[in-house]
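Undergrad: coords below, sequence missing:
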């Protein structure tokens, strides 16, 4: 089949997206597909003749994609690379090429890739894509809305409050959530704009960092304990994986730098706790109206209580990502995993 792997973009997770897209692209090529890897923002400059035969182009579309750096990419430099000034999120010929494909495999991460905008555009254009639709993407990306839905449906989640930048000091939230607390950009991903605050000074600094990425933030109870993740594909939970950072918490660096964490899959849990996390994962999948696949993150407090932190609608597919490890634990290799996800999109 003709498949476009779409990655890159201008979010803080650009590098992660490109790394995921590279692995997906190579897996699809091994599976015999006519695959093209495109940067959603930079697009592809070519003549009408080149575009018409782009799927027959004999090249390695992933050869110039680098690894993930410890710091966030310089988005200003990426924007400057667009000859047309970058007024549209979609780069040159992106929508044209995606429209020619049998399906688009979304390797996007971060705000514009996971907030439902790309999915809504593709729905209007009749373009098939992997992952969930625009409604569930938007619900999942907004941590405050997702937490409200969790609470309404009885899904345990850390107590928290929603703060808007425009409310200023009047809504600081210092007295409402005890220290230590977690401060998050409301619509961030890959733990970008996430800090743990132990006192008021750290809290104010954390709030400033969160507001550097979003006009809204979530401040929630810090749960000390063990961290787990559980993917759901087609409504069914995969094996649970435990994530133990060697230092600090599971932040951007620990997520994507090899050797920064110890990951155990299946997690060393009792059958009862494993079933509880899997059941909650499937429930979150249902409550947020997710489709195809997603990954849910959890904390287990020292008393054994399980809390759902969030849902990831386009989970990472990098060399250190969790969902490929979970799939491998049930005997599904990376190429087979990509094919599974692709078939769900075409169903």
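TA: Yep, that arrived. Quick caveat: nothing in here was measured; it's all calculated off a predicted structure.
Undergrad: any regions of the stretch 201-347 of the chain where pLDDT drops low?
TA: 247-259 (pLDDT under 70).
Undergrad: go with 50
TA: 250-256 (pLDDT under 50).
Undergrad: so where do the strands sit in the stretch 51-200 of the chain?
TA: 103-106, 160-164, 181-185, 194-197 (DSSP state E, counting those that start in this stretch).
Undergrad: for residue 295, find the nearest of those.
TA: strand 103-106 (14.1 Å; Cβ to Cβ). The C-beta positions use only the backbone N, C-alpha and C, and glycine is treated the same way.
Undergrad: what comes up buried for stretch 272-287?
TA: 273-274, 276-278, 280-285, 287 (16 or more other Cβ atoms under 10 Å).
Undergrad: pipe these into CSV and attach distance to residue 139 per row.
TA: Output for these, formatted as CSV (distance: Cβ to Cβ, whole Å):
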residue, distance to residue 139
273, 27
274, 27
276, 23
277, 21
278, 21
280, 17
281, 16
282, 17
283, 14
284, 11
285, 12
287, 9
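Undergrad: so of these, which ones are in strands?
TA: Among those, no residue falls in strands (DSSP state E).
Undergrad: of all these, which comes closest to residue 1?
TA: Checking the buried residues of stretch 272-287 one by one against residue 1 (Cβ to Cβ), the nearest turns out to be residue 285, at 26.4 Å.
Undergrad: I'd guess residue 295 is in a strand, am I close?
TA: Yes - checked against DSSP: H, G, I helix; E, B strand; the rest coil, residue 295 lies within a strand.
Undergrad: picking that back up, just give me the closest of the buried residues of stretch 272-287 to residue 264.
TA: Using Cβ to Cβ, the buried residues of stretch 272-287 come closest to residue 264 at residue 274, 12.2 Å.
Undergrad: that closest one - nearest residue in space that isn't next to it in sequence?
TA: Spatially, and ignoring its direct neighbours in sequence, residue 274 is nearest to residue 240 (5.4 Å; Cβ to Cβ, 6 or more residues apart in numbering).
Undergrad: ok, that neighbour - contacts?
TA: Counting by Cβ atoms under 8 Å, 6 or more residues apart in numbering, residue 240 touches 228-230, 265-267, 269, 274, 277-278, 326.
Undergrad: what do you get for residue 263?
TA: So residue 263 contacts 241-244, 322, 325 (Cβ under 8 Å, 6+ apart).
Undergrad: do that again at 6 Å, thanks
TA: Contact partners of residue 263, counting by Cβ atoms under 6 Å, 6 or more residues apart in numbering, are 241, 243.
Undergrad: before we move on, what SS does it have?
TA: strand.
Undergrad: if we can go back for a sec, pipe the strands of the stretch 51-200 of the chain into TSV and attach distance to residue 94, mean pLDDT and mean neighbour count per row.
TA: What follows is the strands of the stretch 51-200 of the chain, written out as TSV (distance: least, Cβ to Cβ, whole Å; pLDDT from 0 to 100; neighbours: other Cβ atoms under 10 Å):
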stretch	distance to residue 94	mean pLDDT	mean neighbour count
strand 103-106	10	99	26
strand 160-164	33	92	19
strand 181-185	26	94	25
strand 194-197	30	92	20
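Undergrad: out of these, which is closest to residue 89?
TA: Among the strands of the stretch 51-200 of the chain, strand 103-106 sits nearest to residue 89 (Cβ to Cβ), with 13.8 Å.
Undergrad: show me the domain layout of the chain.
TA: Per the record, the chain has its domains at 2-129, 149-154+223-330, 159-221, by automatic domain parsing.
Undergrad: rebuild those domains as JSON lines, extending it with distance to residue 343.
TA: Below are the domains of the chain laid out as JSON lines (distance: least, Cβ to Cβ, whole Å):
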{"stretch": "domain 2-129", "distance to residue 343": "10"}
{"stretch": "domain 149-154+223-330", "distance to residue 343": "10"}
{"stretch": "domain 159-221", "distance to residue 343": "26"}
